[in-house]
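*Asks:* Take this sequence and fold it.
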Amino acid sequence: MDILQTIFGGGIASVVWFIVGSILYTNPFVAKIYKSAEGSPGLKKWQSIPKYIGLQYIGILAQCMLWAFVFALVRPVLPDEVLMKILVFGLILVVVKIFPRFFDMWIQSTYPNKLLAVEFVNGTIGSFVIGMVFALVI
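*Replies:* Predicted structure coming up:
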């Protein structure tokens, strides 16, 4: 495992996911869904948008670094073809990260169902984006 390449891949993935996630969450369709749920007790209100965005990126960076090392460890058993590598690792992320979080929030919180659906869809897209960056960079 090339540690510097893995760290580089994790950093690149965090920036790419931050940009893609920003597009997914701020498009008019999704923004309207979030706007309609503003009064929900399941949503935290942030006084400082820069602080919120900074914390979002720190969380994304931490996850991408962790998943970069997981990718580097499992890469030898992933398919050789890049597209298949992206699909397999993206599905791994969905199964171990996105679905359990979605299911847990659905059964244990008051988070609005429409927002849960957005989180599931966008998280799934993000998983494949991260898989793509790792397959191309690491």
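*Asks:* Setting the sequence-adjacent residues aside, check what's closest to F102.
*Replies:* Among residues not flanking F102 along the chain, F120 sits closest, at 4.6 Å (C-beta to C-beta, 6 or more residues apart in numbering). Using the backbone N, CA and C atoms, a C-beta is placed for each residue, glycine as well.
*Asks:* tally of neighbours for that neighbour?
*Replies:* Look at F120: counted by other C-beta atoms under 10 Å, it has 18 neighbours.
*Asks:* Spell out which helix or strand contains it, please.
*Replies:* Assigned by DSSP states H and E, F120 falls within helix 113-137.
*Asks:* Any buried residues in that helix, and which?
*Replies:* Buried residues in helix 113-137, counted by 16 or more other C-beta atoms under 10 Å: 115-116, 118-120, 122-135, 137.
*Asks:* Stretch 33-44 too?
*Replies:* Y34.
*Asks:* Report the separation between the two terminal residues of that stretch.
*Replies:* 16 Å (C-alpha to C-alpha, to the nearest Å).
*Asks:* so how far is that stretch from its chain's centroid?
*Replies:* Chain-centre distance of stretch 33-44: 20 Å, with C-alpha atoms, centre = their mean, to the nearest Å.
*Asks:* And for this structure, the residue most distant from the center?
*Replies:* Distance to the chain centre peaks in the chain at G39, reaching 25.0 Å (criterion: C-alpha atoms, centre = their mean).
*Asks:* and that residue, helix, strand or coil?
*Replies:* coil (DSSP: H, G, I helix; E, B strand; the rest coil).
*Asks:* contact partners of stretch 41-54?
*Replies:* Stretch 41-54 is contacted from outside by A37, S109, T110, Y111, P112, L115, using C-beta atoms under 8 Å, 6 or more residues apart in numbering.
*Asks:* quick one: the residue lying closest to the first one once chain neighbours are set aside from G10, how far?
*Replies:* Here the nearest residue to A37 in space, its sequence neighbours aside, is P112; by C-beta to C-beta, 6+ apart that works out to 4.5 Å. P112 sits 32 Å away from G10, going by C-beta to C-beta, to the nearest Å.
*Asks:* Please say which of the two ends up with more neighbours.
*Replies:* Legend: neighbour count by other C-beta under 10 Å for P112 and G10, higher for G10 (25 against 18).
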